[in-house]
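Q: Prediction below, plus the sequence it came from.
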Amino acid sequence: MFSLPLSFDTLLKNTTEVTMNKKVFILPEIYGVNDFIHQQASQYQNEYTTVEYVSLSSTTRIFPYTQEEEAYHYFIKEIGFDSPLKELTRRIEEATIIYDAVVVIGFSVGAALAWRLSTLPIQQVICVYGSRIRQYLDTIPSCPTLVILPTEEKSFDVQTLKEALTTIPNTQVRQFSGQHGFMDKNNANYCATSCTQAQSAILHFLSNTCKGDSYDD
């Protein structure tokens, strides 16, 4: 598990909304709901926060990292970037009735979906190395949205995406050294320093927007 300077539970208790009833949805990468997603869920679960990781597939299939290409083709052919939106929207809208605040956190393909869901009436959205966000730059988030980018991507110019995102309302952009997957210690691209920095940025963002403050680099 990640070693962090400050936990979400600690940060949340420092806000004025300690009793806020919160729901966090976590959307996974192409590999499915694996150990990394479980580890991430544990970062946000506390007595005030319910965390749900959502399988984008109708099965519980999990791909090992060595099957990246197979996992990608499975996602594109069997799932895609459009078909999960209806069910995800339904779940999120139901949660907004029950909870005081709803947060969506997505990784990779899950981040692209989270970005597209940012137009819903929810509290916060966090998108971690969602390279396909570049295909949906017409989306205008209706809530504070944090996009975390690596410095390197194999298939496109990250800097171009970063510059485009900085012009979009309600969007914060943070960039950390490394490649796609740098937050996952089981991924070949894992970078411990950038992982810790990114996780701290996420917690800081969640804490500040919980208090209604603006996010400042």
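A: Nice, I can see it. Keep in mind the model is a prediction, meaning the values are calculated, not measured.
Q: mind showing which ranges of the chain have poor pLDDT?
A: 1-19, 209-217 (pLDDT under 70).
Q: Report all helices and strands that the biggest helix by length in it contacts.
A: With DSSP state H setting the assignment, residue counts place helix 192-210 as the longest helix in the chain. Helix 192-210 is packed against helix 8-13, helix 35-44, strand 101-107, strand 124-128, strand 145-152, strand 171-179, with contacts defined by 3 or more Cβ pairs under 8 Å, 6 or more residues apart in numbering; DSSP states H and E. All C-beta atoms are positioned from the backbone trio N, CA, C, and that covers glycine.
Q: ok, residues contacting the third one?
A: Residues from elsewhere that reach strand 101-107 (Cβ atoms under 8 Å, 6 or more residues apart in numbering): 20-29, 36-37, 40, 44, 92, 95-96, 112-115, 117-118, 122-130, 183, 202, 206, 210.
Q: switch the cut-off to 6 Å
A: Contacts with strand 101-107, where a contact means Cβ atoms under 6 Å, 6 or more residues apart in numbering, come from 20, 22-27, 29, 92, 95-96, 113-114, 117, 122-128.
Q: Now that we have those residues, which of them are buried?
A: Of the members of those, the ones counted as buried by neighbours, 16 or more other Cβ atoms under 10 Å, are 22-27, 29, 92, 95-96, 113-114, 117, 122-128.
Q: Point out the ones among the residues you listed that are inside helices.
A: Per DSSP H, helices hold the following members of the buried ones among the contacts of strand 101-107: 92, 95, 96, 113, 114, 117.
Q: And the furthest pair within those residues?
A: With distances taken as Cβ to Cβ, the most widely separated pair in these is 96 and 113, at 17.2 Å.
Q: Pipe the helices and strands packed on helix 192-210 into a markdown table and attach distance to residue 56 per row.
A: Shown next, in a markdown table, are the helices and strands packed on helix 192-210 (distance: least, Cβ to Cβ, whole Å):
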| stretch | distance to residue 56 |
| --- | --- |
| helix 8-13 | 24 |
| helix 35-44 | 11 |
| strand 101-107 | 10 |
| strand 124-128 | 15 |
| strand 145-152 | 19 |
| strand 171-179 | 22 |
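Q: Among these, single out whichever gets nearest to residue 137.
A: Each of those has some distance to residue 137 by Cβ to Cβ; the shortest is strand 171-179, at 10.2 Å.
Q: and for that closest one, what are the contacting residues?
A: Outside strand 171-179, the residues that reach it (Cβ under 6 Å, 6+ apart) are 141, 145-152, 162, 165-166, 189, 191, 194, 197-198, 201, 215.
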